[in-house]
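Novice: Generate coordinates for the sequence data below:
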Amino acid sequence: MPSTLKAYFCAIMLKKKLILIILLTVGAFSSCKKEEYDPEKQLKIDDAIIQEFITKNSIPAIKHESGIYYQILNPGSGSQVTVANSVSTTYEGRLLNGSIFDGGSADFPLSRVIVGWQIGIPLIKKGGKIRLIVPSVFAYSINPPQGSGIPKNAVLDFTVDLTNVQ
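Specialist: You can find the predicted model right below:
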């Protein structure tokens, strides 16, 4: 085979390989579709789940204007809480199937926790106890902490004792 013909076939094969690589790369990236997340739509889904849960379990929860549900078990009588406060709590966090994913005692600035707590904890005072049923959009939505056992878009059920406010 003459060298010019051989060079021609090599060039064609190289072009085919290059085209194949480009097509595979484009295909791989187009199959990595980003997960579309609509918080308003998810809040409606969560609300239906929560309403079914509280009805089934006869929980006298109140719906806050934000969309979280709460039950004040003890209003407390101490200091009023704001998001600017640091708080001390004893708490337990559960999924709606009853499995516990977290609990214990913790001290933290209220501004550094999930939005559901930022909304719910100020509904009680020092010494109070509250149950918060938090829609996923006010918890971890599609980004739960790794290894927490919390699935994406999980509604969370907390019982929180507010032991101190600073």
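Novice: can you pull the pLDDT of the residue nearest to the spatial centre of the chain?
Specialist: Nearest residue to the geometric centre of the chain (CA atoms, centre = their mean): Y140, 1.4 Å. Looking at Y140, its pLDDT reads 97.
Novice: Then V87?
Specialist: Note for V87: predicted pLDDT of 97.
Novice: One more: K33?
Specialist: 52.
Novice: any low-confidence regions in the chain?
Specialist: Within the chain, the segments meeting pLDDT under 70 span 1-35.
Novice: in it, which spans are strands?
Specialist: For the chain, the strands defined by DSSP state E cover 62-63, 69-74, 86-95, 100-109, 129-134, 156-165.
Novice: Tell me which of these sits most buried.
Specialist: With neighbours defined as mean count of other CB atoms under 10 Å, those peak in mean count at strand 129-134, which reaches a mean of 23. Using the backbone N, CA and C atoms, a C-beta is placed for each residue, glycine as well.
Novice: Show me what that one is packed up against.
Specialist: Using 3 or more CB pairs under 8 Å, 6 or more residues apart in numbering; DSSP states H and E, the elements in contact with strand 129-134 are helix 39-56, strand 69-74, helix 115-120, strand 156-165.
Novice: picking that back up, need the strands of the chain in JSON lines with distance to I119, can you?
Specialist: Converted to JSON lines, these look like this (distance: least, CB to CB, whole Å):
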{"stretch": "strand 62-63", "distance to I119": "12"}
{"stretch": "strand 69-74", "distance to I119": "9"}
{"stretch": "strand 86-95", "distance to I119": "14"}
{"stretch": "strand 100-109", "distance to I119": "15"}
{"stretch": "strand 129-134", "distance to I119": "8"}
{"stretch": "strand 156-165", "distance to I119": "12"}
